[in-house]
Every structure is written in structure tokens, then in C-alpha cells.
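J.: I'd like to go over a predicted model; first the sequence, then the structure.
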Amino acid sequence: GFIVRENGEEIFVHQRSIASDGDRNQRPVLNDGQQAAFNTLGLVGPALVQTSSRPELGDYQANGVMAAAKRAQRNPREVAAEVIEVLDLKGIASTVDIAGPGFLNITLAADFLAGVTAGEITASPAPQRVVVDYSAPNLAKEMHVGHLRSTIIGDCIVRVLEAQGHTVLRQNHVGDWGTQFGMLLTYLQDTGANSDSLAYLEDFYRAAKTRFDEDEDFQQRARQAVVDLQAGDAHALDMWQHFITVSMSHCQEIYDRLDVTLNPTHIQGESAYNDALPGIIQQLNDKGLLTQSEGAQCVFLEEFKTKKGETLPVIVQKTDGGYLYATTDLAAIAYRNKELNAERVLYFTDARQALHFKQIFAVARAAGFADSSISLEHMPFGAMLGDDGKPFKTRAGTVVKLAELLDEAELRATRLVSSKNPDLDDKTAAELGHVIGIGAVKYADLSKNRTSDYVFNWEQMISFEGNTSPYLQYAYTRIASIFAKGQIDLSTLPMQAIAVEEPERRLAVMIASFNDTLDAVASEGMPHLLCGYLYELATRFTSFYEACPILTSSADVRERRLVLAKQTADTLRNGLDLLGIGVVEQM
Ligand code: ARG
């Protein structure tokens with residue numbers, strides 16, 4: 001990679017081979033020689049190298065020169081010329097041209113492209129230990145759509161990080177502790193503790209709550225149950241364990257259906273930190289961070305001053321001695337830092353928890369629960385909305401059961417493939433329906449910018465048109481059918497080919513930027529960058545295939561096009577796999 005800086009600001013960055021997605025620039029990796037070359041230019045500092053909006057002029061374009069020249073009050077074309085002079089792109093680019101008022105258009109060299117078009121995932125040069133905190137449903141109730149987003153997005157990031165050689169520690173921080181369990185256990189006790197009664201957790205919760213609100217004696221016993229549980233009473237713990245096991249098995253069923261990589265060994269719920277909580281309070285006290293306010297133990301940090309001049313507290317212990325969500329999260333940070341030796345912790349929750357994480361990260365730093373070796377990153381996401389633009393609910397206004405949502409996805413996809421292939425037997429149709437239906441639900445979520453709300457729409461997500469998972473799966477089967485038709489033995493194809501004609505080159509450029517895209521996905525926790533990449537790849541393949549016949553071409557042309565087709569198929573399959581989505585051989 002290389003970089004040009006001016007006034008400490010990066011104006012031109014180029015990582016590994018090329019920048020990835022049009023809407024973001026890359027973090028640089030700079031060697032000393034390159035740094036020295038740029039220093040002599042007097043330019044220090046992000047360049048906006050992005051895929052070109054005018055591919056006929058170049059594969060990539062860099063726009064940073066103009067802003068830099070403006071700041072230096074110099075002629076942008078002159079600065080551009082100097083940048084080109086020190087920009088040693090031998091072996092990478094065939095041409096770098098200045099266009100308009102100082103854009104740089106970069107065309108990649110054919111040899112370079114051939115060298116990187118392997119379609120494989122490059123190992124990170126600096127592998128890390130990364131905790132990924134995701135899914136984390138509350139076990140008192142059924143998993144809902146908010147946990148669906150966390151589960152799907154988190155699992156994609158986990159897959160990408162692992163594929164790059166990072167050590168990923170999945171932490172399913174389930175809500176398995178707290179006062180509501182007193183009520184649930186007491187109700188379980190009263191109704192008979194068989195698994196049937198917990199088959200519909202949502203109904204069970206509602207019934208328990210009704211009893212709690214109406215029956216004073218029940219309330220009394222529920223409160224006592226909490227005390228017993230906290231005190232480690234064997235019977236209370238037994239009941240609790242039974243409840244958690246049943247509830248967790250519901251979640252595991254969803255994970256399995258979704259082909260999510262979470263399993264019971266990743267559970268490290270709130271209850272796991274229970275014994276550490278008094279020590280957390282103690283340490284906060286020792287550091288002089290604890291203040292009593294209205295009977296509660298709080299931490300006030302200067303940086304959380306509101307506009308009115310009041311400081312927002314982080315409450316860590318209630319008046320009755322009970323601990324809070326924040327206290328548990330502080331204990332979890334200390335554990336991840338000191339015991340797991342994580343260098344990075346990624347939290348996938350909805351955006352409404354943004355302040356919570358800001359606060360606990362700050363408190364953890366101040367108290368020394370997190371030292372400088374660890375990076376704490378909240379990866380917030382928006383809400384899933386219904387067609388009416390309101391939070392996604394059933395028509396009756398109740399939470400949508402995930403199991404039912406997935407049933408419908410599979411049913412719709414099965415119907416779709418059956419209508420396209422009337423000869424399919426039911427078993428095959430159901431198998432395809434599973435891969436396509438689940439893929440559609442996941443992709444609809446992953447392809448949207450994580451931070452925004454999105455509208456859940458069945459028609460759109462199960463369509464073969466547009467940026468959808470069926471479109472990509474179909475693109476894959478189309479390439480597979482070319483190989484089948486030509487009876488191609490893929491193992492006899494060379495690994496690399498030199499793209500010659502423009503549609504070939506455009507496809508090769510896209511294949512070559514796979515790893516840059518993955519770097520951006522991993523560092524920003526943004527799966528939509530990979531979706532956008534795969535969609536563009538499939539689109540470029542279509543243009544290539546329309547312009548460049550494969551099977552009917554003369555031997556050497558045919559071979560290099562087959563190689564490009566294979567690399568496209570491999571990249572599509574690997575990319576979909578990183579999204580946690582399968583491919584099928586026919587659709
Ligand atoms: N159980 C929480 C919820 O449903 C999410 C937990 C996220 N992880 C964490 N370490 N706080 O909102």
C-alpha cells in the first residue's frame with residue numbers, strides 16, 4: 001500500500017492492491033520507502049481512492065489531490081503530476097492519468113490482475129484475539145426480531161474475522177439473571193415444571209406476569225425466590241437451570257435453522273458474572289469513582305454532562321443492593337481484557353444502547369477494567385420495520401415469533417422454486433426452499449447499512465431481481481450450468497488468466513478487490529459492503545457473459561474466460577459463505 005499525506009491528513013491511500021467499495025477509503029499499510037518518497041514531496045497524509053464512477057477512464061479514481069492543492073494554494077494539476085511522479089505503481093497500474101481539474105484515473109495492469117485473481121481469502125498480517133458479543137437474547141422471553149439482527153450481523157463478522165485468521169471468541173451474553181426470574185420460577189413451580197409448560201415462552205411469561213400483578217401471595221413468594229436464587233439455594237438454582245436450559249434450546253433451534261455458528265459453548269450470560277459484581281463495586285470504590293446518590297451507588301464522569309449541566313450517572317448498585325445491566329457489563333469487560341486477553345471487543349446491539357456502551361466503556365477505562373491493549377467497539381444497528389414504517393410486529397401488534405418468520409420464508413421460497421421448476425419433487429423443493437428462504441431473510445438484513453432502520457418486505461427479499469440473495473444464488477447456478485453444459489473438468493483449468501478484452505478486465509478488477517472488501521467489513525463491522533461487492537461482481541459477470549461467449553470461443557480465449565468464470569463462481573460462493581448463506585446447484 002501507499003499513502004500521500006498533507007498537513008497530517010491523508011490525501012491518497014492505497015492498500016494492498018486496491019481500494020474496495022465506492023463509498024469508503026481504506027486504511028493504509030505503508031512501507032518505509034514509500035513513506036520517504038512522499039515525505040520528499042512535502043505531502044503528508046485520506047486519499048479517496050475508490051472504484052471509478054467512469055470505468056472507461058480507469059478502474060480506480062483518486063480525488064484527494066484537489067482538496068490538498070486547495071489547502072496548499074497550488075495548481076491541482078501540478079500537484080497531481082508530482083503525485084504521479086512519486087507514485088511507484090510499477091507492476092500494479094498500467095497507466096495513471098490526470099483528468100479534469102486534478103483527478104487521478106488508475107488503470108490496473110493485466111499482470112497484476114492475473115496475480116491477485118485467486119478468489120481466496122488473504123490472512124491478516126496482524127491477527128488479533130477478538131471477542132464478538134452478539135445475539136444475546138433475554139432468556140425470560142422468546143427471541144425477537146432485534147436479536148435476529150444481532151445474530152445475523154454478528155455471525156457474518158465472526159465468519160469474516162475467522163477467515164482472515166483472527167482468533168474469534170464468541171460470547172453470547174444472554175440475559176439469564178435478574179428479578180424477573182423470581183416470578184418465572186415461582187410460576188413454573190406452581191404450574192408444574194415440565195417442558196410442555198415452557199413450549200411457548202411468550203405465553204408462559206405473560207401468564208406469570210398476570211399472576212404476579214394479581215396475586216399478592218404470589219408476589220411475595222416471587223420476591224423470596226429472587227433472594228433464594230441470589231443466595232445460591234439449591235432448589236431455586238435447579239428450577240432456574242431447568243428454565244434456562246429449555247429457553248436456551250429454543251434459541252439453539254433458531255441458530256441451527258439459520259446456520260449460525262453459535263453453540264452452547266459460547267454462552268457466557270449475565271449469571272456468569274454474578275460472583276464478580278461485589279468486586280467491581282469494590283474496585284470502583286477504591287478508585288474513588290463511586291458516589292452515593294439517592295441511596296444508589298453511581299459513577300459520575302465529567303464527559304457525560306448534559307446540555308443542562310447535569311452529569312448523567314452510571315448506576316452500578318441499587319438501593320436494595322441489587323446490581324444492574326451496567327455492572328455486569330463492567331465485569332464482562334474486565335473478564336474479556338484480563339482473562340480472555342482480547343485485543344478487540346465488538347458488541348452488536350441495537351442503537352438504543354449506544355449511550356449505555358459509551359458510558360460503560362468510559363467507566364471501564366477510568367477504573368482500569370480495560371487497559372490500553374483492548375479496543376472496545378459498539379456496533380449499533382437500526383430497527384427492523386414493517387411495511388407501515390413502524391417497528392416490525394404482527395397484525396395484532398404482538399412480537400413476531402422468529403420461528404414463524406423463518407417458516408414463512410422457507411414456504412415462500414419453496415413455492416417460488418416449485419413454480420419455476422414444476423418437475424421438482426417435494427423433497428428437493430423443500431431443500432432448495434430452505435437454503436433460498438433463509439438466505440433471503442439473512443441477506444435482506446445484511447445488505448442494508450447496519451446503522452439504518454430497514455423495512456422488512458417479503459416480495460423484495462425473495463425476488464430474483466436486484467440486490468438480493470436469490471439473485472446472487474442464481475448467478476452462481478448460471479455459472480455452474482455453463483461448466484455442466486461444457487462438461488468442464490474444473491481441476492484442469494489453470495489458476496490464473498490474463499484478462500484481455502474490456503469486459504474481461506472489468507470482471508477481473510472486481511474479483512481482485514475481494515480482500516480489500518473483506519478488510520473493510522472486518523474493520524468496520526459492516527456486512528453490507530460485502531453484499532454490495534457481490535452484487536457488483538454478479539452484475540459485471542452478466543455484462544461479461546453477454547459480451548464474451550465462453551464455450552463457443554476458440555481454445556485459448558475459451559480457457560481464459562472459463563478461468564474468469566470459475567474465479568467469479570468461487571468468489572460468489574466464498575462471499576455468500578461469509579454472509580452465512582449457502583449456494584445451490586440448480587434453481
Ligand atoms: N440481552 C441484551 C438485550 O437483549 C443484549 C446484551 C448485549 N451484550 C452486552 N454485553 N450488553 O438487549
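T.: Sure, I can see it.

J.: where along the stretch 151-300 of the chain do the strands fall?
T.: 167-171, 290-293, 296-305 (DSSP state E, counting those that start in this stretch).

J.: out of those strands, nearest to Glu377?
T.: For the strands of the stretch 151-300 of the chain, proximity to Glu377 was assessed by C-beta to C-beta; strand 167-171 is nearest, at 13.7 Å. From N, CA and C alone the C-beta is placed, and that goes for glycine too.

J.: the closest one close to the ligand?
T.: No - with C-beta under 6 Å from any ligand atom as the criterion, the ligand is not reached by strand 167-171; the gap is at least 7.6 Å.

J.: and for that strand, what's in contact with it?
T.: Strand 167-171 is contacted from outside by 127-134, 158, 161-162, 261-262, 266, 268, 332, 336, 340, 342, using C-beta atoms under 8 Å, 6 or more residues apart in numbering.

J.: mark which of those residues are buried, thanks.
T.: Taking 16 or more other C-beta atoms under 10 Å as the criterion, what is buried in the contacts of strand 167-171 is 128-134, 158, 161-162, 262, 266, 268, 332, 336, 340, 342.

J.: for the ligand, what is the nearest residue in the stretch 1-150 of the chain?
T.: Residue of the stretch 1-150 of the chain nearest the ligand, by C-beta to the nearest ligand atom: Ala136 (3.6 Å).

J.: run a quick neighbour tally on the residue nearest to that residue when sequence neighbours are not counted.
T.: Computed as C-beta to C-beta, 6 or more residues apart in numbering, the closest residue to Ala136 that is not its neighbour in sequence is His173, at 4.4 Å. Here the number of neighbours of His173 (other C-beta atoms under 10 Å) works out to 23.

J.: and the ligand, which of the buried ones among the contacts of strand 167-171 contact it?
T.: Residues of the buried ones among the contacts of strand 167-171 in contact with the ligand (C-beta under 6 Å from any ligand atom): Asp133, Ala332.

J.: so which of the buried ones among the contacts of strand 167-171 sit within helices?
T.: Val158, Leu161, Glu162, Ala332 (DSSP state H).

J.: for those, work out which two are farthest apart.
T.: The widest separation within those (C-beta to C-beta) is 21.4 Å, between Glu162 and Ala332.

J.: quick one, phi psi at Phe103?
T.: The phi/psi pair for Phe103 (degrees, to the nearest 10) reads phi -70, psi 150.

J.: contacting residues for it?
T.: Shown in contact with Phe103 (C-beta under 8 Å, 6+ apart): Gln61, Ala62, Asn63, Val65, Met66, Ala80.

J.: per-residue pLDDT of the residue of the chain most remote from its centre, please?
T.: Going by C-alpha atoms, centre = their mean, the residue of the chain most distant from its centre is Asp217, 46.9 Å out. With respect to pLDDT, Asp217 has a value of 96.

J.: what stretches of the stretch 101-250 of the chain score poorly on pLDDT?
T.: Along the stretch 101-250 of the chain, segments meeting pLDDT under 70 span 116-119, 193-195.

J.: residues of the chain that sit close to the ligand?
T.: Within reach of the ligand by C-beta under 6 Å from any ligand atom, the chain has these residues: Asp133, Ala136, Asn138, His173, Gly175, Asp329, Ala332, Tyr347, Thr349.

J.: kind regards, and thank you for your time.
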